[in-house]
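Q: Give me coordinates for this.
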Amino acid sequence: MGIFRCFPGILAALACGGALSCGHGDTSLARVGDVRLQIGPFQEYVGDVSGETWQGVSGRVSSRLLDQYLDRQVVLEAARRREVVSREESVSLGPTDMRWLVDELCGPPPDVDSAAVDLEVATRMEETLPPQAHVRQVLVDSLEEALAARQRLAAGEDFVEISREVSRAPNAADGGELGIFYEGNLPPEIDQVIFSLTEREISNPVQGPSGYHVFQVLEVVPAGAPNEGEVEAAVRAEFSEEAAREHKRICVGRLSLEVGVDVNSSQLWFPYDGRYAED
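A: This is a model prediction of the structure:
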């Protein structure tokens, strides 16, 4: 069903916004408040977020992205109605702007429940963490290049300089820094090699999907109990993020009722069954 229903006489003019067309003549994607959204910017949004052309994105993903797109338009329209931002002001609607506008319109999210944090921390402290390894790499195209790089490293040449000189990994300029991994989180053939190395040891060449790797383990952390301070910080961050998401969901739902949203499903190239679909 289209977004605009035609009624006789004055009701028709009111519903359709006076001179604006009604019914089959309307080509907008949706109406948010008094603003009619066109299909083109949403198609660009789908492409930007998905990294694909909008034609290649599945209906399920397109439906979810339309919800996100409309959420942003709802928050922006509510902010303009309440004069939090002016109608002339440009707002990027990125995550930072969205969070700021939601806080301005609905207040900040509730504080994290400290008792719930303590309970989750206690639960996680009962776990035993697997071994960890701090790793860097050199990545080259051929086995011959990998053997030559390993020979130079074994002779004492600087890993960072060799990485910058011969590696084609995206992090080559940073000395091939990969970060810290838990045992079992890497592809099995790489995981086995890395966790067989001792601290500062250099691996033999390892073939992977992108070429040949030469790894060095900078530090090994044996299996054991987690650090309580790190666990508490992680739990608080997770709970805060979840509280912010729920706060945003409730806020946008309330604002959508305030401004009004209608989706013109006849203009969509996919079956829409998201939050703004008609019951």
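
Q: From now on I want contacts and neighbour counts done on CA atoms only, so please keep to that.
A: Noted.

Q: Can you tell me how far the closest residue to Ser63 other than its chain neighbours is from Ser50?
A: Excluding its sequence neighbours, the residue lying closest to Ser63 (CA to CA, 6 or more residues apart in numbering) is Tyr272, at 5.3 Å. Applying CA to CA, to the nearest Å, the value for Tyr272 to Ser50 is 17 Å.

Q: Of these two, which one has the most company?
A: The neighbour count for Tyr272 versus Ser50, taken as other CA atoms under 10 Å, is higher for Tyr272 (21 against 15).

Q: Phi and psi next, for that one.
A: With angles defined as degrees, to the nearest 10, Tyr272 sits at phi -100, psi 130.

Q: what do you get for Thr53?
A: phi -70, psi 150.

Q: Wait, it touches Ser62, no?
A: No. Counting by CA atoms under 8 Å, Thr53 stays clear of Ser62, with 11.3 Å between them.

Q: joint contacts of those two?
A: Shared contacts of Thr53 and Ser62, defined by CA atoms under 8 Å, 6 or more residues apart in numbering, are found at Val46.

Q: Check which helices and strands the lengthiest helix in the chain sits against.
A: The single longest helix within the chain, with elements called by DSSP state H, is helix 228-259. When contacts are defined as 3 or more CA pairs under 8 Å, 6 or more residues apart in numbering; DSSP states H and E, helix 228-259 sits against helix 59-81, helix 95-106, helix 114-125.

Q: Deepest-packed of these, please.
A: Among the helices and strands packed on helix 228-259, the stretch with the highest mean neighbour count (mean count of other CA atoms under 10 Å) is helix 59-81, at a mean of 20.

Q: got a list of contacts for that one?
A: Under CA under 8 Å, 6+ apart, the answer for helix 59-81 is 32-33, 42, 45-46, 85-87, 93, 98, 101-102, 105, 252, 255-256, 258-259, 261, 270-276.

Q: 6 Å instead?
A: Helix 59-81 is contacted from outside by Val85, Ser86, Arg87, Ser256, Phe270, Tyr272, Gly274, using CA atoms under 6 Å, 6 or more residues apart in numbering.

Q: What subset of those is buried?
A: Using 16 or more other CA atoms under 10 Å as the burial test, these include Val85, Ser256, Phe270, Tyr272 as buried.

Q: Redo these as TSV? Include distance to Glu189.
A: TSV is the format used below for the buried ones among the contacts of helix 59-81 (distance: CA to CA, whole Å):
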residue	distance to Glu189
Val85	54
Ser256	51
Phe270	42
Tyr272	43
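
Q: what would the residues you listed look like in JSON lines with distance to Gly229 and pLDDT?
A: Output for these, formatted as JSON lines (distance: CA to CA, whole Å; pLDDT from 0 to 100):
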{"residue": "Val85", "distance to Gly229": "40", "pLDDT": "86"}
{"residue": "Ser256", "distance to Gly229": "40", "pLDDT": "96"}
{"residue": "Phe270", "distance to Gly229": "48", "pLDDT": "94"}
{"residue": "Tyr272", "distance to Gly229": "45", "pLDDT": "94"}
